[in-house]
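J.: what's the 3D shape of this:
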Amino acid sequence: MNTADIVVIVVMAIGLVAWIGEPVVRRGRMQEAAADAHDDAIERLILQKETLYTAIRDLDFDHQTGKVDAEDHVALRRQMEAEAADILRQLDLADPLADLDLVAEREILAYRRKEDAASEDTCPTCGTDLAADATYCPICGQLLKPAV
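T.: This is a model prediction of the structure:
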């Protein structure tokens, strides 16, 4: 093999690597661009939310100082609150973990309710069902309520 053959093989290998690797690089750039667009949309929604919150506070202040009458205040506040609620819904939809957070919160609430119900109706030591006015567990003798 001479030098020309080695150069041709190297050039072909570089071309092959570039041809195969180009879609992978392009996909990464497209994902970055999509993530940037998503982040920009979220930032825009957060800015709109903060602007509406400020406008609501200003409206309340103007009503307190007498610049806006009660009827206009109620109508404008309802409109701004509806817009803010819509923006909050959009923010929740934009968050990929919002559903996961909601499910987790429901699970935690169900667990706490179950734990509270169990602590009131059963013995903490043996799990025996208890009467509402029981001071001691009838099975294991555990003191349930301190003597008054």
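
J.: confidence-wise, which helix or strand of the protein is lowest on average?
T.: helix 98-121 (a mean of 72; mean pLDDT, DSSP states H and E).

J.: count of residues packed around the residue nearest to Asp101 when sequence neighbours are not counted?
T.: In space, and not counting its chain neighbours, Asp101 is closest to Asp95: 8.0 Å by C-beta to C-beta, 6 or more residues apart in numbering. For the C-beta atoms, the positions are set from N, CA and C on the backbone; glycine is no exception. Counted with other C-beta atoms under 10 Å, residues neighbouring Asp95 total 12.

J.: any idea how far Asp95 is from Gly66?
T.: For Asp95, the distance to Gly66 equals 41 Å [C-beta to C-beta, to the nearest Å].

J.: just checking, what packs against the longest helix along the chain?
T.: Longest helix in the chain by number of residues (criterion: DSSP state H): helix 3-65. Helices and strands touching helix 3-65, by 3 or more C-beta pairs under 8 Å, 6 or more residues apart in numbering; DSSP states H and E, are helix 70-94.

J.: now the helix it packs on: buried residues?
T.: By neighbour count on 16 or more other C-beta atoms under 10 Å, the buried set for helix 70-94 is His73, Leu76, Arg77, Met80, Glu83, Ala84, Ile87, Gln90, Leu91.

J.: repeat for stretch 46-58
T.: So, applying 16+ other C-beta under 10 Å, buried residues of stretch 46-58: Gln48, Lys49, Leu52, Ile56.

J.: mind putting those residues into a markdown table with pLDDT?
T.: Putting the buried residues of stretch 46-58 into a markdown table (pLDDT from 0 to 100) gives the following:
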| residue | pLDDT |
| --- | --- |
| Gln48 | 94 |
| Lys49 | 92 |
| Leu52 | 94 |
| Ile56 | 94 |
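
J.: and which of those residues is nearest to Ala13?
T.: Set against Ala13, the nearest of the buried residues of stretch 46-58 by C-beta to C-beta is Gln48 (52.7 Å).

J.: so who does the residue nearest to that closest one when sequence neighbours are not counted touch?
T.: Nearest non-adjacent residue to Gln48, counting by C-beta to C-beta, 6+ apart: Ile87, 5.3 Å away. Each residue near Ile87 by C-beta atoms under 8 Å, 6 or more residues apart in numbering is listed here: Leu45, Gln48, Lys49, Leu52.

J.: where in the chain is pLDDT low?
T.: Filtered on pLDDT under 70, the chain yields the residue ranges 25, 28-31, 33-37, 96-99, 115-121, 145-148.
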